[in-house]
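Enquirer: sequence first, predicted model second:
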Amino acid sequence: MSSAQADAGFAELAEYLPDYLLLIDEDLTVLYTNYKPRYEGHPTTEEVMGRSIEPYLPEDRREVIVQDIAAVFAGGPPVQFESSSFDGQAHWLSRVVRFSDDGETKRALLVATDITAQIEARRELEESRRQLKQAVAVEADVVRAHGMETLGRLAGGAAHDFNNLLMVIQTQVDFAREEQLAGRTSLDELDDIAAAAERASSLTQQLLSLARHDDAQPRAVTLSSMLAQLKPALLTALPSSIELRIEQRADGTLLADPGQLEQAVLSLCLAVVDALQEVKLVELVVDREELDMRDPRLERHPISPGRYLTITVLAPDGPAPPGEGAQPKPGLGWAVVRGLVQAQQGFAEPTKCALGYTLFFPEQRAEPGPVRTILVAEDEAMVRSVIARTLQRAGYRVLQAADGIEALEQFERFEGTVDLVMLDAIMPRQGGRETFLLLRETHPELPVLFCSGYSAETLPRELLEGKGVELLRKPVPRASLLEAVARMLDGGA
């Protein structure tokens with residue numbers, strides 16, 4: 001077959017190809033092309049034939065592409081580049097390869113694939129990503145704004161409670177002063193002051209918990225401890241004309257960020273109240289439910305079958321919903337609650353019998369494992385005994401020490417592994433800070449839980465900000481102590 005016949009066969013085949021083929025020489029002149037304009041206003045076939053392709057190359061990269069094509073003619077590897085039409089309607093991906101050498105003219109083949117659809121799809125994808133990113137940012141702002149609204153309502157109720165507590169404290173101080181001046185002693189006034197201070201402390205912790213803006217830190221949370229922590233905040237945030245009734249039918253452990261979980265339940269209670277004109281009673285029911293493969297909720301939510309812990313908030317005296325799925329949702333509060341619950345790997349649905357909503361969380365089943373050992377260093381014998389008894393009842397092995405020096409001796413003498421060390425910040429002979437530094441010299445990954453009734457300033461900030469270190473303030477409720485221990489043993493801090 002002659003060269004002319006080969007070229008004729010090539011041209012006949014090229015007419016049926018979807019790509020543009022341009023046969024060019026070293027001067028970039030088009031010797032042959034199957035090009036036909038597909039867009040209005042683009043060059044005709046006659047305007048392309050016999051002319052250089054250089055004007056059609058991307059202006060910002062034209063010089064480099066010309067050099068790359070010259071290298072192809074010199075025997076170099078193929079080149080590839082993207083280009084667009086002058087009006088931006090069309091986009092091509094072009095490849096240039098060495099084609100043939102008839103002895104007189106070196107030729108290369110430029111194959112241009114129309115990628116306009118792909119470019120448009122890429123732009124739409126980038127725009128969708130931009131919109132999604134913007135929507136996520138807006139949603140985060142909404143959650144923060146609603147969190148501040150919830151915090152504001154709680155703060156308003158807390159201010160009212162603080163006024164009452166201050167009145168109790170001031171009055172009982174006056175009574176105690178009068179008793180002292182009269183030569184009488186009574187502990188009743190001091191007991192009332194202590195109770196008021198404990199209530200104020202609880203309110204402060206709730207405010208601080210809701211005011212946190214750090215990232216979610218999921219940890220094992222028991223429903224009973226969550227309710228104990230949350231109840232004072234609920235009583236503070238809800239109007240005094242509304243009765244709160246809590247019914248705990250089950251208890252269990254779920255994996256969630258405690259602050260976000262409390263905010264979700266608190267926001268849900270407020271949302272239910274806001275959805276109705278008059279509410280006299282709000283019920284909070286904690287229970288457990290098993291979801292099997294046939295449960296229709298598995299189709300409505302991206303969840304798996306299994307055992308779920310449920311938190312239901314409802315207003316029994318509210319209007320019954322007209323039908324399943326037709327229940328009015330309590331505005332923005334419901335959207336925020338649903339987002340918080342989904343962030344904890346749960347889901348939420350309205351109740352069927354009254355205005356209310358149920359939050360579902362996968363129950364975490366504890367797997368049997370080895371007994372964990374905790375070393376407790378506390379100089380006060382009664383406090384040390386209470387902590388040890390609490391931990392032992394929870395299934396931990398406990399080593400006890402009265403100060404830092406004895407703690408180091410116990411640590412070295414114990415033949416097994418000490419999984420966690422609890423240190424009182426201030427102890428005779430050797431305090432918690434010195435003991436911590438000595439332990440970390442040989443065991444840098446050892447988790448340490450400080451307990452102190454003093455302010456955080458008794459320990460350096462850089463020490464408390466280190467990995468595997470936490471501070472608990474005395475007095476520590478039993479549930480809070482066990483949660484902190486479990487969190488530390490699970491690697492949190």
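Expert: Received the coordinates, thanks.
Enquirer: what is the burial count for the residue lying closest to Thr33 once chain neighbours are set aside?
Expert: In this structure, Thr33 finds its nearest non-sequential neighbour in Leu22, 4.6 Å apart by Cβ to Cβ, 6 or more residues apart in numbering. Where C-beta positions appear, they are placed from N, C-alpha and C, glycine not excepted. Leu22: 24 surrounding residues under other Cβ atoms under 10 Å.
Enquirer: ok, Pro296 next?
Expert: 7.
Enquirer: my read: Arg107 touches Leu22, true?
Expert: No - Arg107 is beyond contact range of Leu22, at 10.5 Å (criterion: Cβ atoms under 8 Å).
Enquirer: now the phi/psi pair for the nearest residue to Thr253 once chain neighbours are set aside, please.
Expert: Leaving aside its chain neighbours, Thr253 sits nearest to Gln364 (4.6 Å; criterion: Cβ to Cβ, 6+ apart). Gln364 adopts backbone torsions of phi -90, psi 120, taken as degrees, to the nearest 10.
Enquirer: ok, Gln364 - contacts?
Expert: 220, 252-255 (Cβ atoms under 8 Å, 6 or more residues apart in numbering).
Enquirer: let's see if you can find the most crowded of those.
Expert: Leu254 (23 neighbours).
Enquirer: list the contacts of that residue.
Expert: Applying Cβ under 8 Å, 6+ apart to Leu254 gives the contacts 220-221, 223, 261, 309, 344, 346, 361-364.
Enquirer: do you know the pLDDT at Val376?
Expert: Model confidence at Val376, expressed as pLDDT, equals 93.
Enquirer: check the secondary structure at the spatially closest residue to it that is not a sequence neighbour for me.
Expert: Leaving aside its sequence neighbours, Val376 sits nearest to Met422 (Cβ to Cβ, 6+ apart; 4.7 Å). Under DSSP: H, G, I helix; E, B strand; the rest coil, the three-state class of Met422 is strand.
Enquirer: please name the residues that touch Arg478.
Expert: Here Arg478 is in contact with Thr390 (Cβ under 8 Å, 6+ apart).
Enquirer: what distance do you get for it to Glu26?
Expert: Using Cβ to Cβ, to the nearest Å, one obtains 88 Å as the distance from Arg478 to Glu26.
Enquirer: with Thr253 instead?
Expert: Per Cβ to Cβ, Thr253 is found 76 Å from Glu26.
Enquirer: check Leu464 too.
Expert: 73 Å.
Enquirer: tell me the pLDDT of Ser335.
Expert: You called it Ser, but residue 335 is Ala. 60.
Enquirer: hmm, who's touching stretch 343-351?
Expert: For stretch 343-351, contacts defined as Cβ under 8 Å, 6+ apart pick out 216, 218, 254-257, 260-261, 264, 297, 300-301, 303, 308, 312, 314, 321, 325, 327, 329, 337-338, 341-342, 356-362.
Enquirer: which of those residues are buried? Put it as a PyMOL command.
Expert: To isolate the buried subset of the contacts of stretch 343-351 in PyMOL, counting by 16 or more other Cβ atoms under 10 Å, use the following:
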select buried, resi 218+254+255+256+257+260+261+264+303+308+312+314+321+327+337+338+341+356+357+358+359+360+361+362
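Enquirer: which stretches of the chain form helices?
Expert: Ranges of helices within the chain are 3-14, 45-48, 62-73, 116-181, 188-211, 223-237, 258-275, 297-300, 331-343, 381-393, 404-413, 432-442, 461-464, 478-489, based on DSSP state H.
Enquirer: tell me the domain ranges of this structure?
Expert: Per automatic domain parsing, the structural domains of the chain span 3-114, 120-196, 214-362, 373-489.
Enquirer: what mean pLDDT does the shortest one have?
Expert: Domain 120-196 shows a mean pLDDT of 61 in the predicted model.
Enquirer: what separation do you get for His443 and Thr390?
Expert: From His443 across to Thr390, the span is 24 Å (Cβ to Cβ).
Enquirer: these two: which has the busier surroundings?
Expert: Neighbours per residue, other Cβ under 10 Å: of His443 and Thr390, the larger number sits with Thr390, 18 against 14.
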